[in-house]
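Asker: predicted coordinates and the sequence they were generated for:
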Amino acid sequence: MENTLKDSVPPHNIDAEMATLGALLLDWSSFGDIVTFLHPEHFYSQQNQIIYGAMIRLFAQGVRGDVLSLTNELTKTNELEKAGGASYIASLANEVPSSANIDYYAKIVLDRATRRALIKISSEIKTASFDEAREARNILDEAEKKIFALADVGQTIQVHDMHEVIAKTTAIVETHYHNKDSYSGIPCGFRRLDNMTSGFQNSELIIIGARPSMGKTAMALSMMESIAIDQKIPCGFFSLEMSYEQIGQRILSQLSHIPGHKIRSGMIALGDLQKINASAGRVYDSPLYIVDTPNMQLLDLRALARRLVQNQGVKIIFIDYIGLIATENPNAPVYEQVSEISKSLKSLARELNIPIVVLCQVARDAEGAEPTLAQLRGSGSIEQDADVVMFIHRERKKTDEGELSPVQDAKLIVAKQRNGPIGDVNLLFLADYTKFENKAE
């Protein structure tokens, strides 16, 4: 009987609610701290919700909240009776012995509200799961979003005075002074680019665009070699075009400097095999996680990205490439699909608080010329949502025998950066190993 009653009554603590309201009436100066994380809907009692809402209005008007001002405010809005009347409001201040524990009382109210929200979400998931008209992955994505949003409830807003700001800032400046390679973000290994961006920053959507066969995947793998293999920073790679075996061969070719076509054909010498094995040992324990599902649904990508961050501690994600991500509305115009994907990826970067680097093709008219922002496929939405946009450009130089040169000059054009400079980064492309490297200045 007790368990049945416990299951039927949502979690709440009326005493804590009354103590919170009473403590605020005793010490109004605490309201500015409490209101940053406690909202009217967190109260279980409707009359307590109404009273706290009136307190918020008084606070917004700059009026001190006490029994008299609160009663007047509720009278003006015809809510006094619903709030329990003047006698109930007067009793609140008398029920709490001191305002010293106000934060403790408020956290109890928030805890019970969180539990009620979890019960509500669980019920919604159960109802949606019985609805066979809805796809399971849609239900799962919606559930994950609600849980993640609930995890942020109650996060207090911090105010930093200039003592803290200047102390922290000067410490960062001094660190950079003593360590010239120190960046605020994740360095990708290309020195000039890292100096321009100070590394890839958390919450940013970074686009790398190029025509086909210009080296988009090679650029991503070259960056990941520095991030995951050299720096041991956990990195996720969504390869929607190539299998994980092909990616593995590319990585071993880059590290061993054995041409990729030799690795694929097996036409290698014993010394080459030893180099490959040594490179395999170097990369074996690297925190690089590859997902190679073709035509992945946007919802599945988001769900897997969350799991990589939660379970593997991934700090940066690469996606190869945006044109192969499938949306839930495949019949919608391409522009609308690209817009949905770019907005969703930017939202995901903010939600996970990591950089997300996305490869993208540019329009056909960029062939042979330096690409521009206007030539991004679905450029309006991608350009708008991206924090950084870069383009790969290189001229396919040929040797005297008419073959492509194994070492080619390449350029990474930073065409947009919200919080930093734009410009060109000169690189070398090693065609045999499909790898980009720094070019000596």
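Answerer: Thanks, I have the structure now.

Asker: centre of the chain to stretch 109-119, how far?
Answerer: The chain centre lies 25 Å from the centre of stretch 109-119; the measure is CA atoms, centre = their mean, to the nearest Å.

Asker: quick check: mean pLDDT of the longest helix anywhere in the chain?
Answerer: In the chain, assigned by DSSP state H, the helix with the most residues is helix 102-129. Across helix 102-129, the average pLDDT comes to 89.

Asker: which residues does the following helix or strand past that helix contact?
Answerer: Sequence order places helix 136-151 as the next helix or strand after helix 102-129, per DSSP states H and E. The contact list for helix 136-151 (CB atoms under 8 Å, 6 or more residues apart in numbering) reads 114, 117-118, 121, 124-125, 128-129, 297, 299-300, 302-303, 306, 328, 351. For every residue, glycine as well, the C-beta is placed using N, CA and C.

Asker: same thing with stretch 32-46?
Answerer: Stretch 32-46 is contacted from outside by 10, 12-14, 17, 20, 24, 49-50, 52-53, 56, 59, 82, 102-103, 106, 109-110, 112-113, 116, 153-157, using CB under 8 Å, 6+ apart.

Asker: okay, how far is it across that stretch, tip to tip?
Answerer: With CA to CA, to the nearest Å as the measure, stretch 32-46 spans 22 Å from end to end.

Asker: tell me where the model's unsure across the stretch 1-150 of the chain.
Answerer: Residue ranges of the stretch 1-150 of the chain with pLDDT under 70: 1-7, 149.

Asker: isn't Leu24 right up against Ile102?
Answerer: Yes. Counting by CB atoms under 8 Å, Leu24 does reach Ile102; the two are 6.8 Å apart.

Asker: who has more neighbours out of those two?
Answerer: Neighbours were counted for Leu24 and for Ile102 using other CB atoms under 10 Å; Leu24 has more, 29 against 22.

Asker: ok, Ser279 - contacts?
Answerer: 251-252, 255-256.

Asker: of those residues, closest to Tyr289?
Answerer: Nearest to Tyr289, judged by CB to CB, of the contacts of Ser279 is Ile251 at 13.0 Å.

Asker: mind listing what's buried along the helix or strand hosting the closest one?
Answerer: Taking DSSP H and E as the definition, Ile251 sits inside helix 244-256. Residues 247, 249-256 are the ones in helix 244-256 that count as buried (16 or more other CB atoms under 10 Å).

Asker: what about stretch 80-87, how long is it end to end?
Answerer: First-to-last distance for stretch 80-87 - CA to CA - comes to 10 Å.

Asker: what are the buried residues along the strand ranked longest in the chain?
Answerer: In the chain, taking DSSP state E as the definition, the longest strand is strand 407-417. Neighbour counts using 16+ other CB under 10 Å place 408, 410-417 of strand 407-417 among the buried residues.

Asker: same for whichever helix or strand comes after it, what does it pack against?
Answerer: Remark: after strand 407-417, the chain's next helix or strand is strand 423-430, criterion DSSP H and E. Strand 423-430 sits against helix 191-197, strand 407-417, strand 435-438, with contacts defined as 3 or more CB pairs under 8 Å, 6 or more residues apart in numbering; DSSP states H and E.
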